[in-house]
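J.: Generate coordinates for the sequence data below:
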Amino acid sequence: MKPPRQPRHAKGPQPGKRAIGGNKPARFDPPRFDKAPARERTRAPRPTPHIEAKPEQRSESESAPKPRVLARREGVLPAEKLPVILEVAPNEDYALLDSGAGEKLEQYGPYRIVRPEGQAIWQRALPAHEWDNVDAIFTGDTDEEGMGRWRFPKAALGETWPMKHDGIDYLGRFTSFRHVGVFPEQASHWNFMAEQIARARRPVKVLNLFGYTGLASLVAARAGAEVTHVDASKKAIGWARENQEMAGLGQKPIRWIIDDAVKFAEREARRGSAYDIILFDPPAYGRGPKGEVWQLFEDLPALADTCRQILTPKPLAVVLTAYSIRSSFFAIHALMRDTFAGMGGLMESGELVIREKSAGRALSTSLFSRWIA
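T.: Okay, here's the model as predicted:
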């Protein structure tokens, strides 16, 4: 549930994406939409994509399990490495051109875009004419449908436009909550995940909780993994499947599941299902498809514990990213390190940042913690 990103440290229910199990409330910007409707292509017949039943179609006994009882894990804590700063530099697909005065100037493929950025408390480095020469500006009005929040100074633009990430085609999208279909800072995690899959030299199963529009899932599938992508937003799942088609990865094994991320993970634990890599990027606040309420600090410990339970005997990694919270990465680092006590490995925690092209400043976007076996 990744809804619109708002100031990264203030939250409430948001439209669009991952909340509890799929709509993710605003990070510093709204939810991420990794992709948009793919264009029709002529290709050989392929298996029908698997989309699991919605939560409301499940039996009452399955959908209402007893609350998870937590106890501190015994054993030696994983080794730790911190702070770790994972940085994304400007490239031909995406660049943070400049930032300051509460906004950021970005280049997404062919378009220059201005959006609010609460963390940019410094002054702009580029002159005013560079900021005026843009294709789209997020206006910040309160419309939550359509394109009412965007102004197009040069010419009216369609809702979507073609984009690439490391050779993977997808669609950028002007959403009503400030997001544009991708969170570039996540490229550091995507690259890490692809390396883990390649090094394993064996079949790898990846679970992407709060998967949004699916770019992480596509990266994992291209690298050779079998992927399960979970999001409570039907719209986000639709965009993710369109991105799969546009990327030419329709034959790759990806299960698209519309469900509450927490309940899905709990069901997987009861079923005895297991994964080698788990990604979860929960919102600070959100609601599931049946009105379930997610509060990060209250609900994250149980979800992290469940994620540990559904790892394979020889897991590779678990990656947690947290947006829109008033906290230090030390908080989620301590939680994750405690959760994975007795499993060995290394816990890395820190921040995801984007390096600015104009003055070379680093814009912090989110906190993260990842366990590496």
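
J.: Pairing partners for whichever strand or helix holds Glu80, with directions?
T.: Glu80 belongs to strand 79-88 when elements are defined using DSSP states H and E. Strand pairing for strand 79-88, using DSSP bridges, gives strand 346-355 (parallel).

J.: from the middle of its chain, how far away would the partner strand be?
T.: Its chain's C-alpha centre and that of strand 346-355 lie 15 Å apart, by Cα atoms, centre = their mean, to the nearest Å.

J.: in what helix or strand does Lys66 lie?
T.: Here Lys66 is assigned to no helix or strand, by DSSP H and E.

J.: For it, the count of nearby residues, please.
T.: By other Cβ atoms under 10 Å, 6 other residues sit near Lys66. Heads up, the C-betas are built off the backbone N, CA and C, glycines and all.

J.: Tell me the pLDDT of it.
T.: Looking at Lys66, its pLDDT stands at 74.

J.: Quick check: the gap between Trp371 and Lys81.
T.: Separation of Trp371 from Lys81 (Cβ to Cβ, to the nearest Å): 11 Å.

J.: Which strand or helix spans Met163?
T.: Using DSSP H and E, the element containing Met163 is strand 160-165.

J.: Show me what the next helix-or-strand element following that strand is packed against.
T.: Proceeding N to C from strand 160-165, the next assigned helix or strand is strand 168-173, under DSSP H and E. For strand 168-173, the packing partners by 3 or more Cβ pairs under 8 Å, 6 or more residues apart in numbering; DSSP states H and E come out as strand 160-165, helix 215-222, helix 234-246.

J.: try it again with 6 Å
T.: On a contact count with 3 or more Cβ pairs under 6 Å, 6 or more residues apart in numbering; DSSP states H and E, strand 168-173 meets strand 160-165, helix 234-246.

J.: CSV for the ones you listed, including mean pLDDT?
T.: CSV is the format used below for the helices and strands packed on strand 168-173 (pLDDT from 0 to 100):
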stretch, mean pLDDT
strand 160-165, 92
helix 234-246, 94
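
J.: okay, those, which one's buried deepest?
T.: Burial of the helices and strands packed on strand 168-173 is given as mean neighbour count (mean count of other Cβ atoms under 10 Å); helix 234-246 ranks first at a mean of 23.

J.: Note down every partner strand of the next helix-or-strand element following that one and its orientation.
T.: Tracing the chain C-terminally past helix 234-246 and defining elements by DSSP H and E, one meets strand 254-258 next. Take DSSP bridges as the rule and strand 254-258 pairs in its sheet with strand 50-52 (parallel), strand 226-231 (parallel).

J.: Can you flag the weakest of these by average pLDDT?
T.: Taking the mean pLDDT of these, strand 50-52 comes last: a mean of 55.

J.: Can you find the helix or strand in this structure with the smallest mean pLDDT?
T.: Least confident helix or strand of the chain, by mean pLDDT, DSSP states H and E, is helix 60-63 with a mean of 48.

J.: element containing the closest residue to Phe329 other than its chain neighbours?
T.: Among residues not flanking Phe329 along the chain, Leu367 sits closest, at 4.2 Å (Cβ to Cβ, 6 or more residues apart in numbering). Using DSSP H and E, Leu367 sits in strand 362-372.

J.: now that strand against strand 346-355, angle please.
T.: Counting by axes from the mean of the first three to the mean of the last three Cα atoms, to 10 degrees, strand 362-372 lies at 160 degrees to strand 346-355.

J.: looking just at contacts, which helices and strands does strand 362-372 meet?
T.: Judged by 3+ Cβ pairs under 6 Å, 6+ apart, the packing partners of strand 362-372 are strand 317-322, helix 329-339, strand 346-355.

J.: Next, the residues that contact stretch 332-341 from outside, please.
T.: Contact partners of stretch 332-341, identified using Cβ atoms under 6 Å, 6 or more residues apart in numbering, comprise Arg73, Gly75, Leu77, Pro78, Ala304, Asp305, Arg308, Ala322, Met347, Ser349, Ser369, Trp371.

J.: And Leu311, how far from Ile257?
T.: Distance, Leu311 to Ile257, by Cβ to Cβ: 19 Å.

J.: Please say which of the two ends up with more neighbours.
T.: Neighbours per residue (other Cβ under 10 Å) separate Leu311 from Ile257, with Ile257 holding more: 25 against 21.
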